[in-house]
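1. With the sequence up front, the predicted model follows.
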Amino acid sequence: MKMKLTRENIIRWAPALVLLGLVVLFAAINPAFLSQRNLARIALASTPPMMVALGVTFIIVMGSIDLSMEGAVSLCAVLFCLMFLKLGGSLGAGAWLAIPAILLCGAFFGWLTGMVHVRLQIPSFMASLAMGFVGTGAAVLVTGGDIVRIDDDVFRALLTWRILGFPLMVHIAALLVLLAWFIQNHTTLGRNFYAVGGGEELAHASGVNVHRVRLAGFALAGVFYAVAAIFQVARLGQAESVTGANLMFVAITSVVVGGVALWGGIGGVLNAVVGVLIVNVIGNGMVVIGLPNYLQDGLLGVLVIVAVVLSTDRRLVSFAK
């Protein structure tokens with residue numbers, strides 16, 4: 001049975017084909033690209049932004065947008081370090097309690113962003129952008145602009161302990177991808193995300209509490225931002241007010257390039273994963289073959305435009321605002 005070359009099939013498979021094509025291209029130019037060490041480097045660099053991309057995917061699927069991730073990650077990172085040190089400075093000494101505590105902090109921050117959006121009826125773009133600034137400002141206030149360092153070999157094992165050549169945090173990230181996929185496809189909440197993204201009025205008429213679903217979505221995104229903060233601290237060994245810098249661009253770009261439609265209801269977790277890998281393969285591959293950074297930014301911009309064009313049904317969109 002032949003698969004018809006329809007617009008839907010092109011949109012569905014284009015990101016995966018782009019990723020495969022990039023891998024083949026960079027490997028053909030420099031075989032070292034496929035070395036185990038370089039693949040581990042790509043996976044490690046992808047881990048924090050992938051957690052952010054998973055979180056924001058739930059928001060975008062609902063038809064909203066979340067730009068608070070940089071502030072959320074920065075605030076969660078510094079709070080995690082401070083709690084970690086306060087609880088003994090070692091996972092074996094009780095500092096492991098900082099992990100569930102910071103996940104709750106991330107959920108609360110996301111829920112608060114959702115409240116600003118839903119209760120105050122402020123567009124999610126502005127509500128989340130403002131909360132991102134709040135998060136960054138709070139991180140500066142808490143740290144006084146200083147860097148908070150963690151020196152615990154057990155915690156840093158997330159980075160240093162390797163299984164099959166890949167750091168432990170990469171394997172944990174893979175498990176969290178499966179968890180996100182399960183939430184998306186096998187829970188009522190995940191199905192409600194798509195219901196709201198497909199049409200808020202229709203979802204409301206079907207008995208979905210749209211406001212509650214949006215709040216849950218922002219809180220869930222906050223949990224993934226907190227995980228990204230933990231991974232950032234494990235990678236860097238420290239946290240500061242700019243720990244989340246550049247994650248917004250990488251995450252949103254990855255989600256769009258991966259095939260998640262910005263107007264909601266289309267795409268999902270696996271699209272976000274592919275998108276993150278595309279962005280990081282481009283960045284790593286251009287370094288491996290010796291091309292300058294500005295070409296990387298230009299190529300990512302072109303990919304975003306192509307992804308949006310492919311995923312836009314011009315029969316339904318007569319004017320782009």
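-> Sure, I can see it. Residues are numbered from 1 along each chain as shown.

2. can you list the weak-confidence ranges in the chain?
-> 1-11, 307-321 (pLDDT under 70).

3. swap the cut-off to 50 and go again
-> 1, 314-321 (pLDDT under 50).

4. Let me see the ranges of the strands in it.
-> For the chain, the strands defined by DSSP state E cover 148-149, 162-163, 166-167, 238-239.

5. a markdown table for those, including distance to L141?
-> Placement of C-beta: from N, CA and C, glycine included. A markdown table is the format used below for the strands of the chain (distance: least, C-beta to C-beta, whole Å):
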| stretch | distance to L141 |
| --- | --- |
| strand 148-149 | 13 |
| strand 162-163 | 37 |
| strand 166-167 | 32 |
| strand 238-239 | 14 |
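
6. Of these, which is nearest T57?
-> When these are compared by C-beta to C-beta, strand 166-167 sits nearest T57, at 23.0 Å.

7. and that closest one, what does it pack onto?
-> Secondary-structure packing of strand 166-167 (3 or more C-beta pairs under 8 Å, 6 or more residues apart in numbering; DSSP states H and E): helix 36-61, helix 157-160.

8. So what are the sheet partners of that strand and their directions?
-> Here strand 166-167 is paired, per DSSP bridges, with strand 162-163 (antiparallel).

9. quick one, helices of this structure?
-> 7-29, 36-61, 69-86, 98-118, 124-143, 157-160, 168-186, 188-198, 200-205, 210-236, 247-258, 269-288, 293-311 (DSSP state H).

10. what comes up buried for the fifth one?
-> Meaning helix 124-143. 124, 127-132, 134-136, 138-140, 142-143 (16 or more other C-beta atoms under 10 Å).

11. so, if you compare the residues you listed, which one comes nearest to I29?
-> G132 (37.8 Å).

12. Please verify my assumption that that closest one contacts L75.
-> No. Under the criterion of C-beta atoms under 8 Å, G132 makes no contact with L75, lying 9.6 Å away.

13. hmm, back to that, closest to A203 out of the buried residues of helix 124-143?
-> Of the buried residues of helix 124-143, the one sitting nearest to A203 (C-beta to C-beta) turns out to be S124, at 16.0 Å.

14. Which residue, neighbours along the chain excluded, lies closest to that closest one?
-> S64 (3.9 Å; C-beta to C-beta, 6 or more residues apart in numbering).

15. leaving aside the residues next to it on the chain, what's closest to Q238?
-> R149 (4.4 Å).

16. just to revisit the earlier point, figure out which of the strands of the chain is closest to A203.
-> strand 238-239 (38.4 Å).

17. Remind me what that closest one packs against, helices and strands.
-> Partner elements for strand 238-239 (3+ C-beta pairs under 8 Å, 6+ apart): helix 69-86, strand 148-149, helix 210-236.

18. one more time with 6 Å, if that's ok
-> Under the contact criterion of 3 or more C-beta pairs under 6 Å, 6 or more residues apart in numbering; DSSP states H and E, strand 238-239 touches helix 69-86.

19. hmm, who's touching the helix it packs on?
-> Here helix 69-86 makes contact (C-beta atoms under 6 Å, 6 or more residues apart in numbering) with 52, 95, 98, 101-102, 105-106, 109, 132, 135-136, 138-139, 142-143, 148, 150, 225-226, 228-229, 232-233, 239, 241, 243-244, 247-248, 251.

20. and with 7 Å instead?
-> Identification of contacts with helix 69-86 by C-beta atoms under 7 Å, 6 or more residues apart in numbering yields 52, 56, 95, 98, 101-102, 105-106, 109, 131-136, 138-139, 142-143, 148, 150, 222, 225-226, 228-230, 232-233, 239-245, 247-248, 251.

21. that older thread, report the two of the buried residues of helix 124-143 separated the most.
-> It's S124 and T143 that sit farthest apart of those, by C-beta to C-beta, at 28.2 Å.

22. and among the helices of the chain, the most buried is which?
-> Ranked by mean neighbour count, those are led by helix 69-86 with a mean of 26 (mean count of other C-beta atoms under 10 Å).

23. Let me know the angle separating that helix from helix 36-61.
-> In terms of direction (axes from the mean of the first three to the mean of the last three C-alpha atoms, to 10 degrees), helix 69-86 departs from helix 36-61 by 120 degrees.

24. Return the alpha-carbon coordinates of helix 69-86 using CSV.
-> Output of helix 69-86 as CSV, limited to C-alpha atoms (Å, rounded to 0.1, in the frame of the first residue of the first chain):
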residue,chain,number,x,y,z
MET,A,69,11.1,29.9,30.5
GLU,A,70,14.3,31.9,30.8
GLY,A,71,13.2,33.6,34.0
ALA,A,72,11.6,30.3,35.4
VAL,A,73,14.8,28.3,34.7
SER,A,74,17.1,31.0,36.2
LEU,A,75,14.9,31.4,39.4
CYS,A,76,14.5,27.6,39.8
ALA,A,77,18.3,27.1,39.3
VAL,A,78,19.3,29.6,42.0
LEU,A,79,16.7,28.4,44.4
PHE,A,80,17.7,24.8,43.9
CYS,A,81,21.4,25.7,44.6
LEU,A,82,20.5,27.6,47.7
MET,A,83,18.2,24.9,49.0
PHE,A,84,20.8,22.2,48.1
LEU,A,85,23.5,24.0,50.2
LYS,A,86,21.1,24.7,53.0
